Structure formats: C-alpha cells, structure tokens
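Trainee: Give me coordinates for this.
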Amino acid sequence: MKFINNRSLSIIKWLLVSLVLAMGVLGSSPQVEGAQRVIPSIDCAADQELIAIFTNMMIISIPEPEASRTIVTPNLVRGSEIVIWSAVGNPQEGCPRTGQNCNQGQDNEEFTVYLNGQRFADIEDHGEDQWREDRYPLEFTLAGNQEWTFFHTQRIGNNDKGSVGIVAGICYVREITVENPLLVSSAANDRILLYDGDTGEFVDVLIDGAIDQRLNGPIGMAVGGDNALYVVNFFTDSILKYNLSGKIDESFTIERCPQRLIWPNYVLFDQQGTLYATSQGNNRIMRYTPEGRCLGSVSIKSKGYEHPLGITLGPDNLLYISSFTGQRILRFDGIDRRTVEVFSKAPENPRGLVFDKQGNLLIGAASNQVRVINENGKRVDVLAKQPGLNHIDIGPDERLYISIQNFGRRKNVIPNNTIVRLEDGVPQPFLKTPPGILDNPIYFLFLESPLTHIVR
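Mentor: Numbers count the residues shown, from 1 in each chain. Model prediction:
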C-alpha cells in the first residue's frame, strides 16, 4: 500500500536482505554439508510473491527460560499467507538427519506466534527429526507495518529445555480483483480507500495524500466516460483526475472560469458527458468538458439560496442540487442547465441526494434524517434518523448506504466515522476498517465494473 512509510517493492527487497543478514540464511539455501535433509523451501501460489523470509533458532535452557525472534513485514492484503516450517533441534547445523537423533534431552518444542502483540497461532510439539509446515491464509487486510514475534518458553513448573528451528515467510498477494468495488473518500487524512462493496472489507489505499500531496481534502468522486476517476479537492479548489489504479493524470487541469471554483464538494457527469461541480464558496454550479475546459456556471444565489453541496441526475434527466443553508432542493430545468427552480423544501442541512427506482428523491440531511420526496416535491417518508449524515446512495443490492462523519467520542452518535447500511430501517455499520485508516468518510462511490488492483 502506498501509505506505509513510502514502502515500495525495492524497500521490501531491502527488508528481505536486511533480515537475512541479521537473522540467518534463507530457507532455500543449499543443503548443509553432512545433512541428508535440506532446510525446506517455501512455495507460494502463482499469484503470490515470496517476501520477508528468515531462518532462525530459538533455544531455551536454565537460566534463560524463554526465547523470541521478531520480524517486521509490510502491509498484507487478504489472500496472502503466513507460512511457517518448524523442526526440533538445530536445522541450520544439519538436523534433523536421517539415522541421527537430534534430540539432546529437549522435550519442549512448541512455540506461539504473535501478530502485533496479539496471539495469532500456536505450533504444538510435533515430534523429533521432522519438519512440519503450517500455513495461515489471511481473510482480511493487515494495513501498515506488521510485527511478527515467535515466542518459545518453558512449560510452567518444569525446568525443561528445548530448541526449535524456524523457517518463516510471507506469500504476498500483489494483485487482487474486487468484483464490486467501493471507493470511499477519507477527507480528514487525504485518502481514497478501496473496499469490497459486497462485504465492506477494507482492501487497500487506492490514493494516498501522504505520497501524492496534490490530494488535499478529497470529497466528491465521479467516473467519466473515459473510465477515469475525477476527485474533488476541497482545500485547493480543484478537481484531480486519476486512472482506476490510482495514478494521477498529470496533463489534466480544470480551466479557470470567470467565476472560479471555490470550496467544491460534489462532481457529476450527465448523459452528454458534461462535468458539473458544486462550488460552495461562491454559490455556483460549475460546468466543464471532460478535458477540463470551462463551459460557464450558474448561480443559485439569484434564487436566494446558498452553499450548494449535493448533486444528482434525476429520471427526467434534470439536475437536482441541495442548498445546505437554504434548506431547499433546487432543479436545473432546460437543456442548457441554466434555469433554476425550487423543487422542494428539505430538512436542515441537506447534503447527499439519490433517486430510488420508484422515482422518489432521497435527501440525506446532516441534521438527523433521510427524507423521501415524491416526484411532486412532497414528503412521503422519513428514514434513518441518525446524526452526522453526509452522502447517501443506493447500492447494487438496492439497499440504502449512508456515510457518517467523524464526531470523535460523542456518545450520542452511533455508528460514527463509517458507512452504514440501512437494514430493517436501522443503520448498521458496514465498513470493516483497520484502526487509523479512515477518517471522516464524507463521500463514497460504487463502481459499476470489477476492479483488478495492484498492491504497492
């Protein structure tokens, strides 16, 4: 992942070499002279890469009743495997050997594996003169540097001793296909995050502002007809363009209009390929070509309303805009998108907008609710009474999803700092995010096609 201390493939290879120098020889080293069994190698699947191998020995004896070894690996995505070979005795010196007993009165060879201080696996005593392989596939992503500790200790109440040889490594997945991708803009720490839209499992950081510092306050996102990702950059009053692998298009820039883009929030493409952006700072709706050329803008202040935030395209092919402080939903009528009218009243602080299959407009209000408006602009229902609502959307499973901003430790805001899914009228947390990754998910976007992602 790009956000872990700027690690890349070269850094991982450097880590591998450092581990080898500090802790022993590689598990795939040539057979030690005199040994009839070689130290085993670690085999990975075709879609995996072997990294962070080490071979080491843990010996306990009086007065040293315990021994441990620790390695650090980079972030790991689901599908990676932890592979551990272990054997009694001293495999670096040629044990176990056929016809020779390596047991020198050592009757305690089990050990425990800890991941970041938490118990991960127990390897039991499995006999003399034999190697055993244990594999642990990851069903979730481990974000950030991971500390693996192999801990060998005396049994309680005994004065036994033991030695265990270990060959361990990571079968690392670099490419993962997400059938139903979900992108989330993490506005407070400048990230675009990739999730599995079916399960809510975190996959990776797609774009990291700590590395690409042009990303600064990401909010709204849209995919254009060129299959590129357009991202609102709130703090630099700009729109950035990336491919779906997270690489920025260096040539793209939005042209400065006579009324420039200020404090943008949401972006949207209409069926003609025109790019729209809500410009909160000057109460305008900006229009651009997909190449970023200015097509002009329309003011909503002429109708007495301010702070446009949400934007969506209705079943009538007209644009609908939420006025955050005006508590109104505005509609752009006409082919030229220049005629503004009031469509409906809205709850306090309306933000996200989405139409359902019945043609009703759902309004996500930051105050405390999702309001349902019919085609005539009349309220017909209220859903999901929940403080801190931001963006709303209907997922591929036809259920309502809502982003909840970060309220810190305010106990009356639950769920908090996540995306929820409405289940039987109750918002339930949907995202499964490692600590420290997501902060203030204002916007999210379900992609329409599977995404093959390369982990960096």
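Trainee: Cross-check the contact I'm expecting between I454 and V178.
Mentor: No. Contact between I454 and V178 fails when scored by CB atoms under 8 Å: they sit 12.0 Å apart. Any C-beta I mention is one placed from the backbone N, CA and C, and that applies to glycine too.
Trainee: So between those two, which is more surrounded?
Mentor: Between I454 and V178, V178 has the larger neighbour count (other CB atoms under 10 Å), namely 20 against 10.
Trainee: So for that one, what's the nearest residue that isn't a sequence neighbour?
Mentor: Among residues not flanking V178 along the chain, L451 sits closest, at 5.0 Å (CB to CB, 6 or more residues apart in numbering).
Trainee: For the one you found, grab phi and psi.
Mentor: With angles defined as degrees, to the nearest 10, L451 sits at phi -130, psi 120.
Trainee: Surely it and E175 touch.
Mentor: No. Contact criterion CB under 8 Å: L451 and E175 do not qualify, at 11.0 Å.
Trainee: So the two - more neighbours on which side?
Mentor: Remark: of L451 and E175, L451 carries more neighbours, 19 against 13, as counted by other CB under 10 Å.
Trainee: how about the more buried one, what does it touch?
Mentor: 177-178, 181, 194, 244 (CB atoms under 8 Å, 6 or more residues apart in numbering).
Trainee: Neighbour-wise, which one of these leads?
Mentor: Going by other CB under 10 Å, L194 tops these with 26 neighbours.
Trainee: tell me the SS of that one?
Mentor: Secondary structure state of L194, per DSSP: H, G, I helix; E, B strand; the rest coil, is strand.
Trainee: and it, what are its bridge partners?
Mentor: Counting by DSSP bridges, L194 forms beta bridges with L183, D204.
Trainee: pLDDT at it, what is it?
Mentor: Note on L194: pLDDT of 94.
Trainee: How about N376?
Mentor: What the model reports as pLDDT for N376 is 91.
Trainee: where along this protein do the helices fall?
Mentor: Ranges of helices within the chain are 9-23, based on DSSP state H.
Trainee: Outline the domain layout of it.
Mentor: As given by automatic domain parsing, the domain ranges for the chain are 9-173, 177-454.
Trainee: residue ranges with poor pLDDT in the stretch 301-450 of the chain?
Mentor: In the predicted model, the stretch 301-450 of the chain carries pLDDT under 70 at residues 303, 333-338, 387, 406-415.
Trainee: all strands for it, in order.
Mentor: For the stretch 301-450 of the chain, the strands defined by DSSP state E, counting those that start in this stretch occupy 308-313, 319-323, 328-333, 339-345, 350-355, 361-365, 369-373, 379-383, 389-394, 400-404, 418-423, 426-429, 441-446.
Trainee: Return the list of strands paired to the first one, each annotated with direction.
Mentor: If I follow you right, that is strand 308-313. Strand 308-313 sits in its sheet next to strand 319-323 (antiparallel), going by DSSP bridges.
Trainee: what distance separates the partner strand from the centre of its chain?
Mentor: Relative to the mean C-alpha coordinate of its chain, strand 319-323 is positioned 30 Å out (CA atoms, centre = their mean, to the nearest Å).
Trainee: per-residue pLDDT, the closest residue to F150 other than its chain neighbours?
Mentor: Using CB to CB, 6+ apart and skipping residues adjacent in sequence, the residue nearest F150 is R69, 4.9 Å away. The model reports R69 with a pLDDT of 78.
Trainee: Please apply the same query to I207.
Mentor: 93.
Trainee: repeat for I42
Mentor: 86.
Trainee: Can you list phi and psi of it for me?
Mentor: Dihedral angles for I42 - degrees, to the nearest 10 - are phi -110, psi 120.
Trainee: Pretty sure it sits against I166.
Mentor: No. I42 is not in contact with I166 according to CB under 8 Å; the separation is 11.6 Å.
Trainee: okay, the two: which has more neighbours?
Mentor: A count of neighbours by other CB under 10 Å puts I166 above the other of I42 and I166, at 23 against 20.
Trainee: correct me, but the more buried one touches W148?
Mentor: No. Applying CB under 8 Å as the test, I166 and W148 come out as separate, 10.7 Å apart.
Trainee: can you redo the contacts of L451 as TSV with distance to G296?
Mentor: Converted to TSV, the contacts of L451 look like this (distance: CB to CB, whole Å):
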residue	distance to G296
T177	41
V178	38
P181	33
L194	35
L244	29
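Trainee: which one of those sits closest to L115?
Mentor: L194 (22.6 Å; CB to CB).
Trainee: what's the spacing between that closest one and F235?
Mentor: Distance, L194 to F235, by CB to CB, to the nearest Å: 22 Å.
Trainee: same thing with D204?
Mentor: Taking CB to CB, one finds D204 at 24 Å from F235.
Trainee: The two: which has the busier surroundings?
Mentor: It is D204, of D204 and F235, that has more neighbours when counted by other CB under 10 Å, with 24 against 13.
Trainee: Show the contacting residues for the more buried one.
Mentor: Contacts of D204 by CB under 8 Å, 6+ apart are 1, 77, 141, 176, 193-194, 453, 455.
Trainee: same thing but at 7 Å, please
Mentor: Counting by CB atoms under 7 Å, 6 or more residues apart in numbering, D204 touches 1, 77, 141, 194, 453, 455.
Trainee: again, but for V83
Mentor: Applying CB under 7 Å, 6+ apart, we find V83 in contact with 42, 133, 135, 168-169, 171.
Trainee: Need the residues you listed in TSV (columns: distance to Y230).
Mentor: Listed next are the contacts of V83 as TSV, based on distance: CB to CB, whole Å:
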residue	distance to Y230
I42	43
E133	48
R135	42
A168	44
G169	41
C171	36
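Trainee: For ChimeraX, what selects the buried ones among those?
Mentor: With 16 or more other CB atoms under 10 Å as the criterion, this ChimeraX line picks the buried residues out of those:
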select :42,168,169,171
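Trainee: Which of the contacts of V83 sits closest to G292?
Mentor: Here the nearest of those to G292, counting by CB to CB, is C171; it sits at 43.1 Å.
Trainee: Out of the contacts of V83, name the ones that lie in strands.
Mentor: Secondary structure from DSSP state E places 133, 135, 168-169, 171 of the contacts of V83 in strands.
Trainee: Dump the residues you listed into a markdown table; add pLDDT and distance to I437 as well.
Mentor: Below are the ones in strands among the contacts of V83 laid out as a markdown table (pLDDT from 0 to 100; distance: CB to CB, whole Å):
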| residue | pLDDT | distance to I437 |
| --- | --- | --- |
| E133 | 86 | 32 |
| R135 | 90 | 27 |
| A168 | 83 | 26 |
| G169 | 84 | 26 |
| C171 | 87 | 23 |
